[in-house]
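>>> Show me how the following folds:
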Amino acid sequence: WRQGLMFAPRDKPNMWAFADIIAAATPPGLFFGRVANFINGELWGRPGDVPWAMIFPDPHSGGVPRHPSQLYQAFLEGIALFAVLLIAIYVFKARRRPGLVAGLFLVGYAIARAIGELFREPDDFLGFIFGPITMGQLLSLPLLLFGVWMIWRAARGPILTGPVLSNKP
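Reported below is the predicted structural model:
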C-alpha cells in the first residue's frame, strides 16, 4: 500500500478507481484471517446440532458442539465475495465505473458479515445489542449504506474508456 500512496500524489489517479483495486484485493485477506481464527480456536460459533459442529478446546466454549462460524465467514467474506467481485470486474467490466467495485465490496461484506453473525457467539462483554442483533450486525449497517451510496454514485458517473486509474481524458 505504500507504493500506492507514493504513486497517488505523483500521478493524481482517480481515487475511486484506486479504491476499486484495493477492495478487489481484500477478500483473500479476509479469508485467511478467518481461517486463522478457526485454527486459533477463537470467535467460535453458537451451539449447534449440525453434523459438522465442533467442540472447541477453549474452556469458555462450554464443551458443547458449536458452529464453525469462522469457516462460514471465511467462505462468505473471502471466497464468495471474491467470486462476486471477479464476475463484476471481468464479466460486467465494473472497473469502468470508478467506485463500483468498492461499493460492491462494502455491500457484499456487510451482508456476509451479518449472515455470519447469525452463527457466531456474541462477544462476552457485549452480548446481544438489540434483541437478536449483535455488534457485528449493527456495525455492518453503515458499511451497507455507504456501499449502496457508492454503487449509486458510480452508476450515475462517467464510463471510463481510457486507462482506469487516470483522471486524464
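>>> Now do the same for Asn37: helix, strand or coil?
helix (DSSP: H, G, I helix; E, B strand; the rest coil).
>>> Tyr72 is in contact with that one, correct?
No - with contact defined as Cβ atoms under 8 Å, Asn37 does not reach Tyr72; the gap is 11.1 Å. In this view, the C-beta of every residue, glycine as well, is placed from N, C-alpha and C.
>>> quick one: low-confidence ranges for this structure?
1-12, 163-169 (pLDDT under 70).
>>> residue ranges for the helices of this structure, please.
2-11, 15-39, 69-73, 81-90, 100-117, 135-156 (DSSP state H).
>>> looking at these, which is closest to Gly162?
Gly162 lies closest, by Cβ to Cβ, to one member of the helices of the chain: helix 15-39, at 11.0 Å.
>>> Return the residues in contact with Ala102.
Contacts for Ala102 (Cβ atoms under 8 Å, 6 or more residues apart in numbering) come out as 16, 19-20, 22-23, 147, 150.
>>> make it 7 Å
19-20, 23, 150 (Cβ atoms under 7 Å, 6 or more residues apart in numbering).
>>> Check those residues against Trp44 and report the nearest one.
For those, the nearest to Trp44 is Ala23 (28.3 Å; Cβ to Cβ).
>>> what's near enough to touch the closest one?
Ala23 makes contacts with 101-102, 105, as judged by Cβ under 7 Å, 6+ apart.
>>> sorry, back to before: a markdown table please, covering the contacts of Ala102 and showing distance to Asp124.
Shown next, in a markdown table, are the contacts of Ala102 (distance: Cβ to Cβ, whole Å):
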| residue | distance to Asp124 |
| --- | --- |
| Ala19 | 35 |
| Asp20 | 38 |
| Ala23 | 32 |
| Met150 | 34 |
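>>> just checking, Asp20 touches Arg97?
No - using Cβ atoms under 7 Å, Asp20 makes no contact with Arg97, being 8.9 Å away.
>>> If you rank the contacts of Ala102 by neighbours, which is first?
Of all the contacts of Ala102, Asp20 has the most neighbours under the rule other Cβ atoms under 10 Å, reaching 30 neighbours.
>>> so who does the most centrally placed residue in the chain touch?
By Cα atoms, centre = their mean, the mean C-alpha position of the chain lies nearest to Tyr109, the distance being 3.0 Å. With contact taken as Cβ under 7 Å, 6+ apart, Tyr109 is in contact with 77, 81, 143.
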